[in-house]
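A.B. asks: Have a look at this prediction, sequence included:
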Amino acid sequence: MVQQVLAFGFGDLALNRIGLGVFESNEAAIRCYSKTGFRREGTLRESARVGEVYWNCHIMSMLRREWRQNRTDHDPI
């Protein structure tokens with residue numbers, strides 16, 4: 001699904017950058033995004049309050065040229 005979003009964003013919409021935010025406790029999502037080629041840019045410290053606790057949010061992104069470099073011949077677009 002992440003690959004399809006990237007293909008749509010970079011291919012159909014001709015975006016140069018796609019970014020996202022993910023809470024640092026969501027390790028499965030961070031692994032997924034990293035394997036897809038997203039890079040961590042920084043952290044918004046204590047950016048969301050959940051109950052009585054504040055959560056950090058990692059900012060990740062990918063550039064079109066990085067997406068092109070990571071694609072294989074059978075990938076769309």
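C.D. replies: Okay, I see it.
A.B. asks: contacts and neighbour counts: CA atoms only from here.
C.D. replies: Noted.
A.B. asks: can you count the residues close to the closest residue in space to Leu15 that isn't next to it in sequence?
C.D. replies: Of all residues not flanking Leu15 in the chain, Gly9 sits nearest, at 5.7 Å (C-alpha to C-alpha, 6 or more residues apart in numbering). Residues within reach of Gly9, counting by other C-alpha atoms under 10 Å, total 16.
A.B. asks: tell me the pLDDT at Gly9?
C.D. replies: Listed pLDDT for Gly9 reads 97.
A.B. asks: With His74 instead?
C.D. replies: Reported pLDDT at His74 in the predicted model: 48.
A.B. asks: Could you do Asn70 as well?
C.D. replies: Here the pLDDT value assigned to Asn70 is 85.
A.B. asks: That one touches Ser34, doesn't it?
C.D. replies: No. Assessed by C-alpha atoms under 8 Å, Asn70 is found out of contact with Ser34, at 11.9 Å.
A.B. asks: Which one's more surrounded, those two?
C.D. replies: Taking other C-alpha under 10 Å, Asn70 and Ser34 do not tie; Ser34 has more neighbours (15 against 11).
A.B. asks: The more buried one in helix, strand or coil?
C.D. replies: helix (DSSP: H, G, I helix; E, B strand; the rest coil).
A.B. asks: Next: Gly9.
C.D. replies: Applying three-state DSSP: Gly9 is helix.
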